[in-house]
Each structure stands twice: as structure tokens, then as C-alpha cells.
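In: Quick one, fold the following:
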Amino acid sequence: MLSIARRTAAGAAVLLVMPLVVWCSGWMWQPGQNAMWLKTLYWITETVTQPWGIITHVLLCAWFLWCLRFRLRAALVLFAILGGAILVGQGVK
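Out: This next block holds a predicted model:
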């Protein structure tokens, strides 16, 4: 149990690095900067919306099925988790 808690805490710490760096640096969102870079970031965030969410889900599922081709049960559980995450993302919007 302690091992899982340590790994979870380490993962949470890694996820906190980016927001902490942005917060400490004082960076502010200014849309007048490099428009091409901002459009790229916008398209990345649009991967959860329809129909891109479905396409992303299918591509990720195909890739994970290929990676887990000898463990079908694990691949199906992963499909369910990915599908749930995309549905929650759609519901939040």
C-alpha cells in the first residue's frame, strides 16, 4: 500500500511541475503573441470534442490493442477507461 501511495504522490508531483513553473515565473496568457503556436495548442485541446474525440479514442484504442495484443482483458479495461474519460470530458463541456 505504501508503495502505491509513493508512486501516486510521485505522479502527482510530476503533474504539478508545469503549473508551479508557470505560477512562479509570472507568465500571463497574452493571445497577441505567436498566432501559429496558439492555433496549434488550440487544436490539441480540441482532440476531446466531437468528432475528434471519437477519432482520438479509436486511434488510441488501436494503438493500445497492438501494444497489449497478448493481454486482451487488459486492453478491454483500458478501452473502457479511455471511453469513460472521453465521455466525462464531453459531459464537463
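In: Tell me which stretches of this structure form helices.
Out: Applying DSSP state H to the chain gives helices spanning 2-25, 35-45, 52-67, 72-92.
In: what inclination does the second one have with respect to helix 52-67?
Out: An angle of 70 degrees separates the directions of helix 35-45 and helix 52-67 when computed by axes from the mean of the first three to the mean of the last three C-alpha atoms, to 10 degrees.
In: Helix 35-45: how far from the chain's middle?
Out: Relative to its chain's centre, helix 35-45 lies at 16 Å (C-alpha atoms, centre = their mean, to the nearest Å).
In: Who are the packing partners of it?
Out: Helix 35-45 sits against no helix or strand, with contacts defined as 3 or more C-beta pairs under 8 Å, 6 or more residues apart in numbering; DSSP states H and E. C-beta coordinates here come from the backbone N, C-alpha and C atoms, glycine included.
In: Now it - C-alpha only, PDB.
Out: Extracted C-alpha coordinates of helix 35-45, given in PDB (Å, rounded to 0.1, in the frame of the first residue of the first chain):
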ATOM      1  CA  ALA A  35      -0.600  33.000 -33.500                       C
ATOM      2  CA  MET A  36       0.600  29.800 -35.200                       C
ATOM      3  CA  TRP A  37       1.700  28.400 -31.800                       C
ATOM      4  CA  LEU A  38      -1.600  29.300 -30.200                       C
ATOM      5  CA  LYS A  39      -3.600  27.700 -33.000                       C
ATOM      6  CA  THR A  40      -1.500  24.500 -32.500                       C
ATOM      7  CA  LEU A  41      -2.300  24.500 -28.800                       C
ATOM      8  CA  TYR A  42      -6.000  25.100 -29.600                       C
ATOM      9  CA  TRP A  43      -6.100  22.200 -32.000                       C
ATOM     10  CA  ILE A  44      -4.500  19.900 -29.300                       C
ATOM     11  CA  THR A  45      -7.200  20.900 -26.800                       C
END
